[in-house]
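Asker: What follows is a predicted structure for the sequence shown.
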Amino acid sequence: MVSRVLCFNAFVRGAIGGVNTRYTSRALVGSYGSKHVSTVNFGDNNLILMGSPGSGKTSLGRALSPRLGMPVLDIDDDYLEVYWNTSVADKLSQVGSDGFIQEEGEALLKFNAKSCIVSLTGSHPLHEESMNHVSNSGPVFFIDVNNQDILNRLEMMKVNRIVGQGPDNSMADILQYRQQFYENSYDVRIICEKNESIDSIADKISEEWKLYHNRKQYTSTRAEQNTQISNTPVHFLDAVLEGLAPDGGLYVPNGSFPKLNLGEWERLIHSNYQQRALCILEKWVHPTDIHPRKLKAMIGEAYGGGDFDDPEVVPVVHLHGNQYLMEVFHGPTASFKDAALQLMPQFFTEAVVRSDQEIRYLILVATSGDTGSAVLDGFAKYSGDSGSMVMVLYPENGVSPVQKALMTSVQGSNVHVVGVDSDFDYCQSVIKQIFNNKNVKDTLRSHDIRLSAANSINWGRLLPQVVYHASAYLDLVKKGILSLGEECDLCVPTGNFGNILGAVYAKSMGIPIRRFICASNENNVLTDFIRTGVYDLRDRNLQVTMSPAIDILKSSNLERFLHLVTDGNGDEVRHYYDQLNSDKYFKVSSQVLEKIQNEYEFMADWCSQKECAETIKNVFQSKGYLLDPHTAVAKTIADRYPTTDRPLLICSTAHYAKFPSDVLASLGHKVNRDLLFGGLEHIETLPTMHQELDRALHRQCVHKRIVKPNMNEIVGELMGFVSKASGERIQGHSS
């Protein structure tokens with residue numbers, strides 16, 4: 001022990017003086033045990049441990065040292081006491097709490113250690129300048145321990161040297177106050193389970209340390225396995241900017257998905273939606289892409305600024321028996337798309353700003369009704385100085401009047417909304433054609449304009465959808481409807497497959513969803529596929545129904561699901577979609593179909609418009625609750641898969657007021673054309689009226705362009721818009 005102290009004295013003197021005299025880790029490993037030492041070398045980065053007093057930082061440093069082959073430096077014992085030549089307790093007694101924070105900060109401004117595991121004091125993050133100085137030497141790992149566990153430990157340890165400790169301040173209050181500083185200072189959060197052992201937490205940190213230094217890359221669903229799709233690695237913000245992969249596939253993370261165990265999920269049960277979103281998304285987004293502090297601010301803007309008319313953001317309400325509604329329609333455009341599109345534009349703007357290039361982006365959007373207005377709303381708020389432009393294509397006769405009003409009333413020189421005299425599938429296919437049209441892309445590139453997408457083909461749009469599926473399950477646990485770890489079923493009205501895929505990814509993270517029930521209307525290509533493994537568009541025409549968001553035959557995100565169930569076999573996925581493009585048909589192997597049906601427990605069915613209308617009427621009469629047509633499709637199908645041993649979540653994707661004519665007709669009421677919602681606003685029901693829809697319908701229509709389903713005409717419309725928005729004539733366009 002004497003040799004270790006002398007060794008640290010020499011080391012600290014070197015660290016303070018800038019010489020950085022280093023000792024070897026051999027003696028240190030001898031002090032803490034003979035566990036195998038990793039030979040991984042991460043350069044001069046420190047691994048910095050931060051957390052409350054009693055979170056186990058000192059013990060964790062000792063446990064990590066042999067695991068990582070790095071020496072450990074405890075700031076209290078090995079730095080401050082050497083620097084001050086007195087004990088930390090005596091120093092605190094001499095100068096008091098405020099004086100201690102100042103003197104500690106001044107001492108740590110001279111900190112200069114490298115390649116160490118550094119265990120900070122619990123009070124260090126309260127001194128911003130020195131915390132910034134130390135954090136520049138390596139990533140900060142926040143040991144996020146439940147406060148009650150910490151209180152229990154401190155009581156057992158009889159600790160008497162905590163800054164702020166005294167008769168006037170309870171330890172619980174001190175911990176609560178400090179939390180804000182910890183939340184603003186970390187690079188990687190380590191969620192600790194209740195009463196989790198030091199060894200278990202150390203194993204988590206070791207794994208996260210390696211992940212931190214191996215930043216996750218993205219690949220295409222059509223790329224060969226274990227190959228890079230471009231000369232430079234594609235990371236999160238790159239995937240958000242580009243939207244579609246160069247080979248026509250969709251971006252997905254390369255490798256395994258992040259996972260939380262039940263003990264970690266338990267820590268989130270009593271968290272609010274924003275806190276859950278942060279803990280989930282930071283598992284997917286590397287801190288060098290979006291730092292947790294920035295991510296937290298984005299989430300706060302998206303979900304905490306009053307744009308959602310329910311404080312729970314996505315509340316779960318009981319409907320009937322064991323059926324519960326996940327209300328994902330409380331956002332500004334009354335659609336589930338808002339849950340992603342209040343966040344994705346912030347991702348996109350961050351990516352543009354970070355690219356540090358004089359480039360503007362044109363975001364192309366095909367919408368079946370809801371995505372368009374949600375994209376326009378999100379980018380109007382969060383595009384900042386990025387110069388991003390948005391062009392939306394919608395099927396002129398395939399959206400409701402309210403959906404159309406939400407889109408065509410959005411003002412701004414950087415937005416353009418165009419109706420197409422065709423269906424959604426055409427709108428979506430022409431967007432993909434434009435993305436793959438070299439002449440169009442080269443023309444735009446010559447004016448420093450790039451294309452991107454905000455549909456759920458964009459990874460940044462899909463990822464936030466994982467959150468509300470996980471959050472809904474946690475709410476079931478919080479309400480006592482099931483115990484943590486017990487399974488639930490999920491039924492989702494499905495068109496483009498993004499919503500239900502978000503739930504699949506939530507399950508991959510550890511949320512125990514048993515059955516995925518895919519609900520369709522008359523456009524039931526997904527029903528046939530999930531039952532037979534055959535995706536067949538031959539002799540199939542798109543039907544316009546009262547649930548337009550699922551009036552889709554080409555389900556884009558099915559491609560990501562196939563990439564998942566084929567274990568990342570891009571060759572196989574590419575073969576399927578090449579065949580679909582050439583023959584309007586593909587069939588998966590029996591092994592893939594078995595995996596979809598049995599391993600992932602997918603099942604599917606569809607209902608007619610008549611059945612959908614009957615469900616709207618029956619639920620209203622029996623429960624006083626109004627479903628929109630999409631949720632009614634899901635409810636109709638959910639009733640065909642009853643179970644008594646677990647709850648069934650139904651994803652409620654839109655507010656009924658977006659479809660007043662169809663909802664009123666389903667109830668047997670006549671539409672009053674003199675009223676904005678045809679009289680729907682005078683019906684007493686749950687949920688209550690959505691106020692933002694009322695405001696939107698009072699706005700003037702400013703986008704009146706309708707074009708034929710002609711590629712050249714749509715490209716001309718695009719070039720004209722870009723010319724006007726950019727203030728320069730684009731080659732090949734005559735104004």
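Answerer: Right, received. Where do you want to start? This structure is a prediction, so every number in the text was calculated from the model and none was measured.

Asker: Before we move on, what's the pLDDT of the closest residue to Ile500 other than its chain neighbours?
Answerer: Nearest residue to Ile500, sequence neighbours excluded (Cβ to Cβ, 6 or more residues apart in numbering): Val492, at 4.2 Å. To be clear about C-beta, it is placed using only N, CA and C from the backbone, and glycine gets the same treatment. pLDDT recorded at Val492 is 98.

Asker: Assign Val492 to helix, strand or coil.
Answerer: strand (DSSP: H, G, I helix; E, B strand; the rest coil).

Asker: hang on, it packs against Thr631?
Answerer: No - applying Cβ atoms under 8 Å as the test, Val492 and Thr631 come out as separate, 10.0 Å apart.

Asker: more crowded one of those two?
Answerer: Neighbours were counted for Val492 and for Thr631 using other Cβ atoms under 10 Å; Thr631 has more, 35 against 30.

Asker: now the more buried one, nearest residue through space, not along the chain?
Answerer: Nearest non-adjacent residue to Thr631, counting by Cβ to Cβ, 6+ apart: Ser652, 4.3 Å away.

Asker: same check, this time on Thr653
Answerer: Spatial nearest neighbour of Thr653, excluding adjacent residues (Cβ to Cβ, 6+ apart): Phe336 at 4.2 Å.

Asker: so who does the one you found touch?
Answerer: Val328, Phe329, Asp370, Gln465, Tyr468, Asn499, Cys651, Thr653, Ala654 (Cβ atoms under 8 Å, 6 or more residues apart in numbering).

Asker: so where's this protein shaky on pLDDT?
Answerer: When residues are selected by pLDDT under 70, those of the chain lie in 1-44, 159-160, 226-230, 674, 676, 731-735.

Asker: If you count residues, where's the longest helix of it?
Answerer: The longest helix of the chain (DSSP state H) is helix 88-108.

Asker: Around Ile650, count how many other residues there are.
Answerer: Using other Cβ under 10 Å, Ile650 is surrounded by 26 other residues.

Asker: Assumed it was part of a strand.
Answerer: Yes - using three-state DSSP, the secondary structure at Ile650 is a strand.

Asker: That one pairs with what?
Answerer: Going by DSSP bridges, Ile650 is paired in beta bridges with Leu325, Cys491.

Asker: How much space separates it from Asp605?
Answerer: Remark: distance between Ile650 and Asp605 (Cβ to Cβ, to the nearest Å) = 14 Å.

Asker: Equivalent analysis for Glu242, please.
Answerer: Here the criterion is Cβ to Cβ. By it, Glu242 lies 36 Å from Asp605.

Asker: what about the two, which has more around it?
Answerer: Using other Cβ under 10 Å as the criterion, Glu242 and Asp605 rank with Glu242 on top: 22 against 19.

Asker: Tell me if I'm right that Asn45 and Ser115 touch.
Answerer: Yes - the pair Asn45 / Ser115 is scored as a contact, 7.0 Å apart, by Cβ under 8 Å.

Asker: For the stretch 401-550 of the chain, just list every one of the strands.
Answerer: 415-420, 449-453, 488-493, 513-520, 534-536 (DSSP state E, counting those that start in this stretch).

Asker: Point out the most buried one among the ones you listed.
Answerer: strand 488-493 (a mean of 27; mean count of other Cβ atoms under 10 Å).

Asker: so what does the one helix or strand Gln274 maps to touch, helix or strand wise?
Answerer: Under the criterion of DSSP states H and E, Gln274 resides in helix 273-284. Under the contact criterion of 3 or more Cβ pairs under 8 Å, 6 or more residues apart in numbering; DSSP states H and E, helix 273-284 touches strand 188-191, helix 292-303, helix 464-478.

Asker: what distance separates the helix or strand following the shortest one from the centre of its chain?
Answerer: It stands for strand 188-191. Next in sequence after strand 188-191, counting helices and strands by DSSP H and E, comes helix 198-213. Its chain's C-alpha centre and that of helix 198-213 lie 23 Å apart, by Cα atoms, centre = their mean, to the nearest Å.

Asker: which ones are touching the residue sitting nearest the centre point of the chain?
Answerer: A centroid search over the chain (Cα atoms, centre = their mean) returns Pro464, at 2.8 Å, as the residue closest to the centre. The neighbourhood of Pro464, defined by Cβ under 8 Å, 6+ apart, consists of Ala277, Leu281, Ala339, Ala340, Leu343, Met344.

Asker: can I assume Leu686 is in contact with Tyr625?
Answerer: Yes - between Leu686 and Tyr625 there is a contact under Cβ under 8 Å: 5.0 Å.

Asker: Counting neighbours around each, name which of the two comes out higher.
Answerer: For Leu686 versus Tyr625, neighbours defined as other Cβ under 10 Å are more numerous around Tyr625 (19 against 10).

Asker: what's the distance between Phe379 and Val392?
Answerer: From Phe379 over to Val392 the distance is 10 Å, taken as Cβ to Cβ.

Asker: Which neighbours do those two have in common?
Answerer: In terms of Cβ under 8 Å, 6+ apart, Phe379 and Val392 are both contacted by the residues Val415.

Asker: Quick one: the helices in the stretch 201-350 of the chain, in order.
Answerer: For the stretch 201-350 of the chain, the helices defined by DSSP state H, counting those that start in this stretch cover 236-242, 262-266, 273-284, 292-303, 338-341, 344-355.

Asker: Check which residues of the helix holding Gln274 are buried.
Answerer: Within helix 273-284, the residues that qualify as buried are Tyr273, Gln274, Gln275, Arg276, Ala277, Leu278, Cys279, Ile280, Leu281, Glu282, Lys283, Trp284, counting by 16 or more other Cβ atoms under 10 Å.

Asker: now stretch 708-720
Answerer: Buried residues in stretch 708-720 (16+ other Cβ under 10 Å): Pro709, Ile714, Val715, Glu717, Leu718, Met719, Gly720.

Asker: This completes my enquiry, with thanks.
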